[in-house]
Structure formats: structure tokens, C-alpha cells
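Peer 1: what's the 3D shape of this:
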Amino acid sequence: MPDVSGHHVHAVTVGAGAPAVMIHCALSRHDALLPLADAMDGKVTLIDIPGHGRSDDWDGKHDYQTLVVDAAAACCDGPTHVIGHSFGGTAALRLAVERPDFVNRLTLIEPVYFAAAKGTPEHAAHAKSFRPFVGAMLTGDEERAAAIFNDLWGATPWADIPARMQAKLTQRIHLIVAGGGAIEEDAAKITSAKRLGALDIPVTLIRGANTQPVIKAIHDTLLKRIPNATDHVIAGAAHMVPITHTDDVAAIIRAADQETG
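Peer 2: Residues are numbered from 1 along each chain as shown. Modelled structure (predicted):
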């Protein structure tokens, strides 16, 4: 159970064998990825990122993405396979770039490093679709912001989510803003051609065929800049692919295990 910059981070470990660390998406918790961890070979440590699950709330002071990166790093005992979904994927990529001693393999499932897609029509469309969310947050209507965000990126329509879960999502929606700068602007230049070109580990990219178009634009940039990256598309899946198509994602990871083993 690591402590990072004064934040207690909850973590659980399942399985045995080669080590892996798994980082969930924003507004979720580690439990959502337990079925994927159980379907993999090896010893998988799953964290609740700050402000989620049983981890401490974000203090509002430390850079949010940095906290998530540090939490994942604290769970790495030597070179580790790091797996991240969505915002968790951006933290996994940053960890590999900044601390290559901790990461010997990456699996990035729809990493939302929007900065990597800047200049593309898909990024412009993403920015336009996200304006209502920004407007709702600026006016303090966090429930409306949560509904907008969920309907863009979630697996279940907002109207079909129980009121108690809607309230929990609304309570955490400020964390989307907390991590927004890192993935939209990428001040650390994690996705630059120079920094990604220095990655000398296998990188597996996974996305759903029916996800937001900006995800393909992000993957295309990562494929061009990372020397040893492969892209995998799962038919019928959208952004929440590791939850809705767990077996397909696990099969891709296991196949990559065999290739790199």
C-alpha cells in the first residue's frame, strides 16, 4: 500500500509470476480491471488512483498526473509490465518515458494523450465535442458535466446509471479537470518524437473499433514515434473495451507475452 506525496494509495495484487501493474481510467477504480487481471498470466498489482476507490482524495495541490505516475512507480519492484487504460494509459506512458528502469513493457488501452493528436481533424472534433463539458464545469454544474463526460466516454448511458452511481461520478468529476492539462497540453513533452523515439521496449496499443475518432489519431502518432509499437483494434468495442471486451483484450496481451517472452 504505497504512500505518495502524502496520499495513501490503495493497491491489491492477484496472481503469480512475472510482475505487472495496472492503472484504471478516470472515474473508475481498480475493481473494474480485476477481471482483466485475472485473465492474464503473471502477478498483477492494481491501484486505485488518487481520489478513486479506497485511495486518499487528491489534495488539490500536487500535479494530478504526476501523483498517478508516482503511485504506479511505487508498485514496480524492478522492471515491470505496465498496463494503463485511458487516463491510466497516459500515466503508464509517462512512467515508461521518465523512468525506463521501472518498465520493461507497455500495454496502452486507448490512452487519452490528446496532445499527440493536435493538428488533426479528429483532435479539432474532440475539442468541439468537449466544449459543453467545459462550459458546465465553469458554471459549477458538475452533475451536467458528469453526464456529458459519461455519454462521450462511458459504456452505459447516463440515464441508465443508478442515481447513487451518478452521484459518485459527479463527486469525482473535478478530477477530469485536474488531469486535463497534462493530457491536452503535455508540458512534459512525453509524446514528442524525441522522447517516444527513445523507448526501447515493446508497446502494445489496443483500441475499440467504435471508439471516439481522436483515439485512432492518438494511436497513429504513437505508432509513428515509438520504434516497437503495434496496434490492435477490437471489433464492436468502444472506449471501455477492457471492461466490455475483457477476453479479447486479455488474448492480445497473452499473445504479446509469448512474442516478447
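Peer 1: now do the same contact list for Cys25.
Peer 2: 32, 85-88, 240 (CB atoms under 8 Å, 6 or more residues apart in numbering). Any C-beta I mention is one placed from the backbone N, CA and C, and that applies to glycine too.
Peer 1: revised request: answer the last question for Ser86.
Peer 2: Taking CB under 8 Å, 6+ apart as the test, what Ser86 contacts is 25-26, 109-112, 153, 239.
Peer 1: which of the contacts of Cys25 fall in helices?
Peer 2: The members of these that map onto helices under DSSP state H are 87-88.
Peer 1: now tabulate the contacts of Cys25 in JSON lines and tack on pLDDT and distance to Pro2.
Peer 2: Converted to JSON lines, the contacts of Cys25 look like this (pLDDT from 0 to 100; distance: CB to CB, whole Å):
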{"residue": "Ala32", "pLDDT": "97", "distance to Pro2": "20"}
{"residue": "His85", "pLDDT": "98", "distance to Pro2": "20"}
{"residue": "Ser86", "pLDDT": "98", "distance to Pro2": "21"}
{"residue": "Phe87", "pLDDT": "98", "distance to Pro2": "19"}
{"residue": "Gly88", "pLDDT": "98", "distance to Pro2": "16"}
{"residue": "Met240", "pLDDT": "98", "distance to Pro2": "27"}
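Peer 1: so what are the domain limits for this structure?
Peer 2: 3-117+186-260, 121-179 (automatic domain parsing).
Peer 1: and those, which is most packed in?
Peer 2: domain 3-117+186-260 (a mean of 20; mean count of other CB atoms under 10 Å).
Peer 1: helix or strand for Asn150, which one?
Peer 2: helix 142-153 (DSSP states H and E).
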